[in-house]
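[1] I'd like to go over a predicted model; first the sequence, then the structure.
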Amino acid sequence: MSGADPDGDPETETAEVPGDEEPDDSEEPSAVIRPEWRSDLLLVAKVVLATYVGFFVVGVLSGAGVNATVGTIQSITFFGAIFALGALALNLHWGYTGMFNIGIAGFMAIGAYTLSIAVASPDGSPAGFGLPIPVGIVLGTIAAGLAGLVLVIPTLRVRADYFAIVTLGFSEIVRLSVQSRSLREIGDTAYGTGGGQGIRATPVDSVVGWLFDQPIVGDVGGVLIVLGETVGIASSVLERGIYTLVLILFVVAFYVLLTRIAHSPFGRVLKAIREDELAAKSLGKRTDRAKIAAFALGCALMGLVGTLWMGSRTHISPDNFMPLITFYVFVALIVGGAGSNTGSVIGGFAFAAFIFEGPRFVRTMVRANLGTDFPRTAHGAFAELGAGDPSALIGYVLYQQADEVRYIVLGVVLIVLMIKRPDGLLGHRKEIAAGVDLSRRGPVADGGRPAVGSDDRAGTESETDDPAATNGGDRDE
Amino acid sequence: MSDLERGPDAGAGRSEGDADDRADRAVEDAVLEVEALEKRFGGIVAVDGASFAVERGSITGLIGPNGAGKSTTFNCIAGVHRPNGGRVVFDGEEITGEEPHQVANRGLVRTFQIARELPEMTVLENMMLAPKGQRGESLWRSVLPYFREEVLDQERELRERAWETLEFFEIDHLAEEYAKNLSGGQRKLLELARALQTDPEMLMLDEPMAGVNPTLEKKLLEHVHQLREQGYSFLIVEHDMDVIMNNCERVIVMHQGAVLDEGAPAEIKSNEQVIEAYLGGEV
């Protein structure tokens, strides 16, 4: 793949400066960002590391304990990976193609249910097919992709807002269907969705157990667990951490796949559809076909995320797939910046750390410092406040209502973001939809005006990038 | 400027002799024929049996008062609307009722009355979108390792073409700008440049001079003439009578959904009916 940035200059720093809207020449070289793996990776690493250090320091200083803190960090990473995966898949739909899909939970449900039915024990109730987990994951992905295909073909011509309603409706149909009694056990067979009770199946994170059985990996894992226990980290936290590593591999795979799409003629057509579908059609682009392909692929990826997330539980039920999940993924993408894959990853992580897990972490700290003896109702909390004990109200809000605090944080973050950075953290970057760097070209033969700012760049990058070296040849054709 | 002489590769090889002895010939070699075209919206008949032809390699003007059905005719030809009756023949093949992308892929490309640049894409991205037959427009080929190399090779070729065309239109200094930051006139230029990237046979321009300042208008017209010399055919809808009369070989006048008259600008000018239709007289 082209576009590796060898000098790894901190261009992302420049991109971080808010308000670089003005189209000045001075801005231009840094405003155009190619898939620069190194600097983007560095940015992600910085954000992750800063978050880890922040949580660790706060956790240890506040007396929450090493185990609880590391557990929180593990959780953040797990959900960070999950929301990054979801945001990446959604970015293909919404960020690139402009398809307003608010049925993400439905596609996740299809993936997760297909997985569960495939891998559940044949003796269970409802029965499964007892297939190996990897097969179940592949089936779940395919099933969600097919569902996307079936949904998108009749709705191609539906306007964006109606399309949103269709997808939301679809996700609710999926949820209510798997919940319905009539599909609990289909016909006279033992197979079914289990209705409201859901399905019990081997969780996909049992892959960790399998990993521990392998020669070298198992030994390393064993050593890690012993080390962890000496500093007070429970082995269960570490085992979950290993499954999280598997998820991170999936994030990398998603990122590579979607970035390739973004920097290709196919991605360009998708972007054009987002901007103006009629204009794209009038240039001879088969927009229908591109939309179908992009939607089905995105849905398949959402199904895969569903299998990786919900499949890590021993039991799935319709309640795991409330539309709220869709909303979370959207917020993750909005925080990161729609249209940017790197932004999707950072958004997913930031959402998981500060909005999703943050309030729970505060709850842990409150418990460590103030105990758990708090009033269960707002009335009780205010009564004690009246009696001169403010810690009761703090405890009530931050301990008893930690999950609800999440929504307050969510609202505040969204409002601040809309005012300060409507494009999200990285959404304002120019990520050019092309397979090669468009700003560079071969030597200008006719002495014509060179492109603005292309001179200095050609000088610094041509030696390190193969495409640049072949430019001269292209011109002769 | 040397840029101007070179022009885009597209169409350079076409016969240039055609253009010379056209003058007052009737339409012999029609690139586009419209026969008894009809389009109704509910109870309103927007196009009512319009018939005309466009000579290959000509600049043909399409004029008419507001509501004469010019834009609807355009949209029917380009596939945006499906006509209720009549035929559209392009390059000897019937294209009536085809989808916009099919029409465009046959080499009949249109621009819009209000420029439809792709605002959140750069000028270069706009240009790179247009070319036909891009291998990487298939999802799999854009992703899979082996095919990806082919795609990248093609991308390099297309990049050169994009830059050449931008230079021809003298907007190469805007190449890395978002299209939304361009002025109205620059957007019109971009739209024309982008349409050329599809390597068309014929271009249909819907009011290309609307909202364009006189200097840019002159430049746009220069480009149109140069491209005509390279063998492209043009059908232009325009309100500015001077532009039409001074630049078109043939003019088609529409009124109330039908063709009122067609012929050389001088003939049209002297047609009483046309004058009345434009001046709002009783016809």
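    Happy to help now that I have it. Numbers count the residues shown, from 1 in each chain, chains lettered A, B, ... in the order given.
[2] Quick check: closest non-adjacent residue to the one residue in the stretch 151-283 of chain B that gets nearest to chain A.
    The minimum distance from the stretch 151-283 of chain B to chain A, using CB to the nearest CB, falls at B:E155 (4.1 Å). Bear in mind the C-beta positions are built from the backbone N, C-alpha and C, glycine included. Distance criterion CB to CB, 6 or more residues apart in numbering or on different chains; nearest residue to B:E155, sequence neighbours excluded, is A:G435 at 4.1 Å.
[3] so how many other residues sit close to the one you found?
    31 (other CB atoms under 10 Å in any protein chain shown).
[4] That one reaches B:E137, doesn't it?
    No: counting by CB atoms under 8 Å, A:G435 does not reach B:E137; the two are 11.5 Å apart.
[5] any shared contact partners between the two?
    Residues touching both A:G435 and B:E137 (CB atoms under 8 Å, 6 or more residues apart in numbering or on different chains) are A:P265.
[6] show me where the stretch 351-477 of chain A has helices.
    A:358-370, A:378-386, A:390-395, A:402-420, A:454-461, A:466-469, A:471-476 (DSSP state H, counting those that start in this stretch).
[7] can you list contacts of the host helix or strand of A:I334?
    Using DSSP states H and E, A:I334 maps to helix A:323-336. For helix A:323-336, contacts defined as CB under 8 Å, 6+ apart pick out A:83-84, A:86-87, A:90-91, A:94-95, A:102-105, A:108, A:168, A:171-172, A:342-348, A:350-352, A:355-356, A:410, A:413-414, A:417, A:424-427.
[8] what about the helix or strand following it and chain B, touching?
    Beyond helix A:323-336 on the C-terminal side, the first helix or strand identified by DSSP H and E is helix A:341-350. No: judged by CB under 8 Å from any CB of the partner chain, helix A:341-350 and chain B are separated, with a smallest distance of 13.7 Å.
[9] so helix A:341-350 versus helix A:402-420, what angle?
    Interaxial angle, helix A:341-350 versus helix A:402-420 (axes from the mean of the first three to the mean of the last three CA atoms, to 10 degrees): 150 degrees.
[10] tell me what the lengthiest helix in chain B is packed against?
    Criterion DSSP state H: the longest helix present in chain B is helix B:145-168. For helix B:145-168, the elements it packs on are helix A:265-275, helix A:471-476, helix B:2-6, helix B:123-129, helix B:139-143, helix B:184-197, judged by 3 or more CB pairs under 8 Å, 6 or more residues apart in numbering or on different chains; DSSP states H and E.
[11] ok, now with 6 Å
    helix A:471-476, helix B:123-129, helix B:139-143 (3 or more CB pairs under 6 Å, 6 or more residues apart in numbering or on different chains; DSSP states H and E).
[12] contacting residues around the residue of the stretch 151-283 of chain B closest to chain A?
    Counting by CB atoms under 6 Å, 6 or more residues apart in numbering or on different chains, B:E155 touches A:434-436.
[13] Switch these over to CSV; also include pLDDT.
    Formatted as CSV, these follow (pLDDT from 0 to 100):
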residue, pLDDT
A:A434, 87
A:G435, 83
A:V436, 83
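[14] Helices of the stretch 101-250 of chain A, residue ranges please.
    A:104-119, A:133-155, A:160-179, A:207-213, A:215-230, A:235-262.
[15] Identify the residue nearest the residue most central in space within chain A in space, chain neighbours excluded?
    The centroid of chain A falls nearest to A:A84 when counting by CA atoms, centre = their mean (1.8 Å). Of all residues not flanking A:A84 in the chain, A:G348 sits nearest, at 3.1 Å (CB to CB, 6+ apart).
[16] likewise B:N271?
    B:D261 (5.1 Å).
[17] looking at it, that neighbour is touching B:K269, isn't it?
    No: B:D261 lies out of contact with B:K269 (CB atoms under 6 Å); the separation is 10.5 Å.
[18] Among these two, which residue is more densely surrounded?
    B:D261 (17 against 13).
[19] and whichever strand or helix holds the more buried one, what other elements does it pack with?
    Taking DSSP H and E as the criterion, B:D261 maps to strand B:258-263. Applying 3+ CB pairs under 6 Å, 6+ apart, one finds that strand B:258-263 contacts strand B:44-55, strand B:250-255.
[20] residues near residue 174, how many?
    If you meant another chain, say so; for now it's chain A. 22.
[21] could you do chain B instead?
    Neighbour tally, B:L174, other CB under 10 Å: 23.
[22] And for the residue minimising distance to the centre of chain B, nearest residue in space, chain neighbours not counted?
    In chain B, the residue lying closest to the centroid (CA atoms, centre = their mean) is B:M204, at 2.2 Å. Leaving aside its sequence neighbours, B:M204 sits nearest to B:R110 (CB to CB, 6+ apart; 4.1 Å).
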